[in-house]
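1. Quick one: sequence and predicted model below, then my questions.
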Amino acid sequence: MFEPAFFSPVIGIIHDVEHQRWHPVLFVEAPLPGPPSPDKPVRHKSKMHHTDGFLSREEAVENAKTDLGPKVKEYAIGEVRFALEGDFPWDGNGIPAISTIFASTPDGLIPVF
C-alpha cells in the first residue's frame with residue numbers, strides 16, 4: 001500500500017484575515033523548475049491546512065506543535081521544522097495555495113515573501 005511522504009516538511013501558520021482565524025499549515029519541498037544547482041533556493045508549497053482553524057493564534061501554534069507536527073513526522077523524509085514566528089496572510093476566500101522559500105536564522109526558519 002502507498003504511504004505519503006513529505007519531503008523537508010515545514011509547518012507554519014496561515015492567518016485568515018477576513019474571519020480572524022489561524023490555521024496550521026504544512027509545506028513540503030517543491031523544487032523550482034530547471035536543472036538542480038547548489039545556488040538555487042529550495043521552494044516549499046503548502047500541502048494542507050487545518051480546515052476549521054482556531055480563534056486564537058496561540059491555539060493554532062499549540063496545535064501545530066502537538067498535533068500536526070507529530071502526525072507529519074510519521075511520514076517525513078527529513079526533519080520536521082517549524083516557521084511559527086510570523087503568519088501567512090490569507091483573505092479567507094478559496095483554497096490558500098502558498099509557495100515560499102524559507103531562510104534559516106539562529107532562531108529558526110522564516111519565510112522569504
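-> All right, it came through fine. Numbering: from 1, shown residues only.
2. Would you map the helices across this structure?
-> With helices called from DSSP state H, the chain shows them at 57-63, 69-73.
3. what comes up buried for the first one?
-> Residues Ala60, Val61, Asn63 are the ones in helix 57-63 that count as buried (16 or more other C-beta atoms under 10 Å). Just so you know, the C-beta spots here come from the backbone N, C-alpha and C atoms, and that holds for glycine as well.
4. what's in contact with the helix or strand of the chain with the lowest mean pLDDT?
-> In the chain, no helix or strand scores lower on mean pLDDT, DSSP states H and E than strand 108-112, which sits at a mean of 82. Outside strand 108-112, the residues that touch it by C-beta atoms under 8 Å, 6 or more residues apart in numbering are 10, 12, 41, 81-86, 88, 100-103.
5. Pull the distance from that strand to the chain's centre.
-> 10 Å (C-alpha atoms, centre = their mean, to the nearest Å).
6. Now do the contacts for the closest residue to Ala5 other than its chain neighbours.
-> Residue nearest to Ala5 in three dimensions, not counting chain neighbours: Ile77, with 5.2 Å by C-beta to C-beta, 6 or more residues apart in numbering. Contacts for Ile77 were tallied using C-beta under 8 Å, 6+ apart; they are Ala5, Phe6, Phe7, Ser8.
7. Turn the buried residues of helix 57-63 into CSV, columns for distance to Gly69 and pLDDT.
-> As requested, the buried residues of helix 57-63 are exported to CSV (distance: C-beta to C-beta, whole Å; pLDDT from 0 to 100):
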residue, distance to Gly69, pLDDT
Ala60, 12, 97
Val61, 11, 97
Asn63, 9, 96
